[in-house]
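J.: Just the structure for this:
(one chain, ligands or ions: 1)
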Amino acid sequence: MENSIELTSTQLSRLQRLAIAPSQLQFSTRIVLEREQQHYLSRVLRLNAGDRFISMDGQGHWWLAQLSASLDSATILQPIHVERELPIDVTLIVALPKTGFDDIVRQTTELGVATLMPTITERTLLKPSAQKLTRWRRIAKEAAEQSERLFVPTIVDPISFDKAVNETRQLWRRYICLARGEGTHLLDRLAEIPADTPNRATGTIAIAIGPEGGWTAREIDTAIAARFEPVSLGRRILRTLTAPMAALSVAAAAFERKIGN
Ligand code: SAM
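T.: So this is what the prediction gives:
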């Protein structure tokens, strides 16, 4: 690799970006471009041999890359370090709404969600098809690129609420959103977490959002027995489509402010 190039944020913002699969990387020095990507870079973005662009793998890496003379590959010039992720991983357990989960995927990705668990609760009316999952993962990838995220969020296969409770039992803190003011505000709960806590590896929290018809008493009891903390998102009753965005905005405000960012 050549000597490291200092890039200002303005220079970075002017470079075109290309998402690649990790398998396209060769020896950490070269990117093999697929036909569609060659077309996109040379015909759509009108880059020429020798032009630079940013390449991102959706798994935490950005590189400054340079298009080869043959336009079918690119040389990696250097890694690029950017801060785009929330300082803590947030897993959202979201009861599947009748419609609108596409928007939840898109917008929670923009807001920094790490993992989405589409969940079937006792009052969930929808049983999603396999095609839906493929579609949600594509939407998450596009939204991650658009919002310049380092990571594409993981969207797990839809699971029952009981399973979601069980599968998140190792997480560090878990919260269940209750619509009728039974809990402390999520912001107050998150503010209790010291500023020097957890990095991505150890600090995953989970936030559960219920269905249009609300949680059943049994689900609330199950969650609380499993040490979920009941929390409020404010005085108004939010739709299942709105509550995930509100919860993530609160988490972003709580954690990004703590690092002065
Ligand atoms: N009729 C339902 C009830 O009384 O619980 C309303 C459910 S609300 C449309 C859907 C979900 O969004 C709730 O189960 C809860 O998880 C979340 N939610 C909505 N407003 C909230 C609020 N103000 N505080 C916390 N959670 C809220």
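J.: CA atoms for contacts and neighbours, from now on please.
T.: Noted.
J.: Would you mark the buried spots in the helix or strand where Trp136 lies?
T.: Assigned by DSSP states H and E, Trp136 belongs to helix 130-146. For helix 130-146, a neighbour-count test (16 or more other C-alpha atoms under 10 Å) marks 133, 136-137, 139-145 as buried.
J.: can you redo those residues as CSV with pLDDT and distance to the ligand?
T.: Converted to CSV, those look like this (pLDDT from 0 to 100; distance: C-alpha to the nearest ligand atom, whole Å):
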residue, pLDDT, distance to the ligand
Leu133, 93, 22
Trp136, 96, 20
Arg137, 95, 23
Ile139, 97, 22
Ala140, 96, 21
Lys141, 92, 25
Glu142, 92, 26
Ala143, 95, 23
Ala144, 93, 24
Glu145, 88, 28
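J.: how about JSON lines for these, with distance to Glu167 added?
T.: Below are those laid out as JSON lines (distance: C-alpha to C-alpha, whole Å):
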{"residue": "Leu133", "distance to Glu167": "19"}
{"residue": "Trp136", "distance to Glu167": "21"}
{"residue": "Arg137", "distance to Glu167": "20"}
{"residue": "Ile139", "distance to Glu167": "24"}
{"residue": "Ala140", "distance to Glu167": "22"}
{"residue": "Lys141", "distance to Glu167": "24"}
{"residue": "Glu142", "distance to Glu167": "27"}
{"residue": "Ala143", "distance to Glu167": "26"}
{"residue": "Ala144", "distance to Glu167": "25"}
{"residue": "Glu145", "distance to Glu167": "28"}
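J.: what about the strands in the protein?
T.: Under the criterion DSSP state E, strands of the chain are mapped to 17-19, 25-26, 30-32, 52-56, 62-67, 73-80, 90-95, 115-120, 154-155, 159-160, 173-177, 184-185, 205-209, 229-232.
J.: Deepest-packed of those, please.
T.: strand 90-95 (a mean of 26; mean count of other C-alpha atoms under 10 Å).
J.: Thr29: what's its closest spatial neighbour, skipping adjacent residues?
T.: Once flanking residues are discounted, Thr29 sits nearest to Ile76: 5.0 Å by C-alpha to C-alpha, 6 or more residues apart in numbering.
J.: List, one by one, the residues from the stretch 51-200 of the chain near the ligand.
T.: Contact residues, the stretch 51-200 of the chain versus the ligand (C-alpha under 6 Å from any ligand atom): 177-179.
J.: nearest to Leu111, of the residues you listed?
T.: Cys177 (17.9 Å; C-alpha to C-alpha).
J.: Bridging across strands, which residues link to the closest residue to that closest one other than its chain neighbours?
T.: With sequence-adjacent residues excluded and distances taken as C-alpha to C-alpha, 6+ apart, Cys177 is closest to Val231, at 4.9 Å. Listed by DSSP bridges, the beta-bridge partners for Val231 are Cys177, Thr184.
J.: Let's see the pLDDT reported for the closest residue in space to Gly58 that isn't next to it in sequence.
T.: Among residues not flanking Gly58 along the chain, Phe151 sits closest, at 4.4 Å (C-alpha to C-alpha, 6+ apart). If you check Phe151, the pLDDT there is 92.
J.: Now do the same contact list for Phe151.
T.: Listed by C-alpha atoms under 8 Å, 6 or more residues apart in numbering, the contact set of Phe151 reads 57-60, 85, 114, 144.
J.: could you check the distance from it over to Val82?
T.: 12 Å (C-alpha to C-alpha, to the nearest Å).
J.: still on that earlier bit, tell me which of the contacts of Phe151 is nearest to the ligand?
T.: Taking C-alpha to the nearest ligand atom as the measure, the ligand lies nearest Ala114 of these, at 18.8 Å.
J.: wait, what's in contact with the nearest residue to that closest one once chain neighbours are set aside?
T.: In this structure, Ala114 finds its nearest non-sequential neighbour in Pro153, 4.7 Å apart by C-alpha to C-alpha, 6+ apart. By C-alpha under 8 Å, 6+ apart, Pro153 lies in contact with 109, 113-116, 140-141, 144.
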